[in-house]
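Undergrad: Below are the sequence and a predicted model for it; my questions follow.
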Amino acid sequence: ASPFSRDAALSDTFSREESELADIDWDNLGFGFIPTDYMYMMKCAQGGNFSKGELQRFGNIELSPSAGVLNYGQGLFEGLKAYTKEDGNILLFRPEENALRMRMGAERMCMPAPTVEQFVDAVKATVMANKRWVPPPGKGSLYIRPLLMGSGAVLGLAPAPEYTFLIYVSPVGNYFKEGVAPINLVVEHELHRATPGGTGGVKTIGNYAAVLKAQSAARAKGYSDVLYLDCVHKKYLEEVSSCNIFVLKDNVISTPAIKGTILPGITRKSIIDVARSEGFKVEERLVAVDELLDADEVFCTGTAVVVSPVGSITYMGRRVSYGEGFGVVSQRLYHKLTRLQMGLIEDSMNWTLEL
Ligand code: COI
């Protein structure tokens, strides 16, 4: 049987359950899926409210082939992280922001959503049940993946009659194979990620399927990922497949404004606040692709990628380089944010939740 089949995963889990820390190679975590012990499930009928969620052993779930999520993409996901502090306690980073974003997305996708309190309580319960999978300090984090999906059966196009909220977790290290080394992006000028009036501003699953083609082509050419432009003018920066983008010029930090086609990243918002608290001017505005030509630093932000320096961007065959390592400013912002997330400095922003 495959090591990922339900029975194998469960018996493996049972035999290791007593150990303090899961027996994996903590020094070499990437961003691949590692099955853990428990997941959280909560269901709700269309027009009803979520209630009676519970932890279950991690395993495959049963869905009707006619489920709304499988047929018409009625689904959302979230991503957040838990870190182990030096004292052994666990810190969550702004989980209520993910809850609120899921509620916004659910409204757009015609789905009921858990309350902020239900969402945060479920995240806490799932993390505590999988405590032995939270990496030790400095080794990475536990990535928490909440899902909301139309699990009820439909055939004609309509909102599903039943919804499932599910959370699973997996220990992770760096997102990009480059580690913390700068990534190399290519600007995509034909395919687009989002359209005005579409769903680019919510974390619906289809947004991520839509970027795979350009991402795969870019990776095949040796780039780390793709930077998308707006689909109307084909001129303004939007975001990278899995993260938001920031440009620094003369100590002013600029990032594309949130206007429905860009994912309102929680790391994006946090970095804006951290930068302002450090005295930087931050502008949320239209950022033209030409501004990449003379930028001092470019970096990406996201839960998965944290703050990733961009080493080069290629646009219409022309490559602009930003240097070998982290830029001075992006390094400073990365350092401040991650110290705060790991509980290594005082949380003056009141962003962390200690379990
Ligand atoms: C995250 O940063 O948490 C995301 O949801 C991006 C995903 C493609 C890994």
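TA: All right, it came through fine. Please read all numbers here as calculations on a predicted model, not as lab measurements.
Undergrad: how about the residues of this protein near the ligand?
TA: The chain comes close to the ligand at residues 79, 208, 242, 302-304, as judged by Cβ under 6 Å from any ligand atom. No exception for glycine: its C-beta is placed from N, CA and C like everyone else's.
Undergrad: please redo it, this time with the cut-off set to 5 Å
TA: By Cβ under 5 Å from any ligand atom, the residues of the chain that approach the ligand are 79, 242, 302-304.
Undergrad: who touches residue 86 in this structure?
TA: Each residue near residue 86 by Cβ atoms under 8 Å, 6 or more residues apart in numbering is listed here: 137, 343-344.
Undergrad: want to try TSV for those residues, with pLDDT as columns?
TA: Output for those, formatted as TSV (pLDDT from 0 to 100):
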residue	pLDDT
137	94
343	95
344	95
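Undergrad: Format these as CSV; extra columns: secondary structure and distance to residue 325.
TA: CSV is the format used below for the contacts of residue 86 (DSSP: H, G, I helix; E, B strand; the rest coil; distance: Cβ to Cβ, whole Å):
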residue, secondary structure, distance to residue 325
137, coil, 24
343, coil, 26
344, coil, 21
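Undergrad: and residue 67, how many neighbours?
TA: Residue 67 has 21 neighbours, counted by other Cβ atoms under 10 Å.
Undergrad: Any idea how many residues pack against the nearest residue to it once chain neighbours are set aside?
TA: Once flanking residues are discounted, residue 67 sits nearest to residue 151: 5.2 Å by Cβ to Cβ, 6 or more residues apart in numbering. The number of residues packed near residue 151 is 26, by other Cβ under 10 Å.
Undergrad: what sits against the residue in the stretch 1-150 of the chain positioned nearest to the ligand?
TA: Proximity of the stretch 1-150 of the chain to the ligand (Cβ to the nearest ligand atom) peaks at residue 79, 2.3 Å away. Shown in contact with residue 79 (Cβ under 8 Å, 6+ apart): 98, 143-145, 303-304.
Undergrad: Quick check: phi and psi at it.
TA: Phi and psi for residue 79, reported as degrees, to the nearest 10, are phi -150, psi 130.
Undergrad: Got a quick PyMOL command for the buried subset of the contacts of residue 86?
TA: In PyMOL, this line selects whichever of the contacts of residue 86 come out buried by 16 or more other Cβ atoms under 10 Å:
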select buried, resi 343
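Undergrad: In TSV, list the contacts of residue 86 along with distance to residue 71.
TA: As requested, those are exported to TSV (distance: Cβ to Cβ, whole Å):
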residue	distance to residue 71
137	44
343	43
344	46
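Undergrad: Adding pLDDT, secondary structure and distance to residue 89, write the residues of the chain next to the ligand out as JSON lines.
TA: Listed next are the residues of the chain next to the ligand as JSON lines, based on pLDDT from 0 to 100; DSSP: H, G, I helix; E, B strand; the rest coil; distance: Cβ to Cβ, whole Å:
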{"residue": "79", "pLDDT": "98", "secondary structure": "coil", "distance to residue 89": "22"}
{"residue": "242", "pLDDT": "94", "secondary structure": "coil", "distance to residue 89": "29"}
{"residue": "302", "pLDDT": "97", "secondary structure": "strand", "distance to residue 89": "25"}
{"residue": "303", "pLDDT": "97", "secondary structure": "coil", "distance to residue 89": "20"}
{"residue": "304", "pLDDT": "93", "secondary structure": "coil", "distance to residue 89": "23"}
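Undergrad: Which member of the residues you listed is positioned nearest residue 354?
TA: residue 303 (18.7 Å; Cβ to Cβ).
Undergrad: where exactly do the strands run in the stretch 1-150 of the chain?
TA: Listed in chain order, the strands of the stretch 1-150 of the chain (DSSP state E, counting those that start in this stretch) span 38-45, 51-57, 75-77, 80-84, 90-93, 141-150.
Undergrad: how about a markdown table for those strands, with mean neighbour count and mean pLDDT added?
TA: Below are the strands of the stretch 1-150 of the chain laid out as a markdown table (neighbours: other Cβ atoms under 10 Å; pLDDT from 0 to 100):
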| stretch | mean neighbour count | mean pLDDT |
| --- | --- | --- |
| strand 38-45 | 20 | 97 |
| strand 51-57 | 13 | 95 |
| strand 75-77 | 23 | 98 |
| strand 80-84 | 24 | 97 |
| strand 90-93 | 22 | 98 |
| strand 141-150 | 24 | 98 |
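Undergrad: Nearest approach to residue 273 belongs to which of those strands?
TA: For these, the distance to residue 273 is smallest for strand 90-93, at 12.8 Å, taking Cβ to Cβ.
Undergrad: Strand partners (parallel or antiparallel) of the closest one?
TA: If you go by DSSP bridges, strand 90-93 pairs up with strand 80-84 (antiparallel), strand 352-354 (antiparallel).
Undergrad: hmm, back to that, which residues does the residue nearest to residue 67 contact?
TA: Applying Cβ under 8 Å, 6+ apart to residue 151 gives the contacts 43, 63-64, 67-69, 160, 162-164.
Undergrad: which among the residues you listed gets closest to residue 37?
TA: Using Cβ to Cβ, residue 164 is the member of the contacts of residue 151 that lies nearest residue 37, at 19.6 Å.
Undergrad: Which pLDDT value goes with the closest one?
TA: On pLDDT, residue 164 comes in at 98.
Undergrad: May I ask you to confirm that it is in contact with residue 149?
TA: Yes: between residue 164 and residue 149 there is a contact at 5.5 Å, judged by Cβ atoms under 8 Å.
Undergrad: Thank you kindly, that will do.
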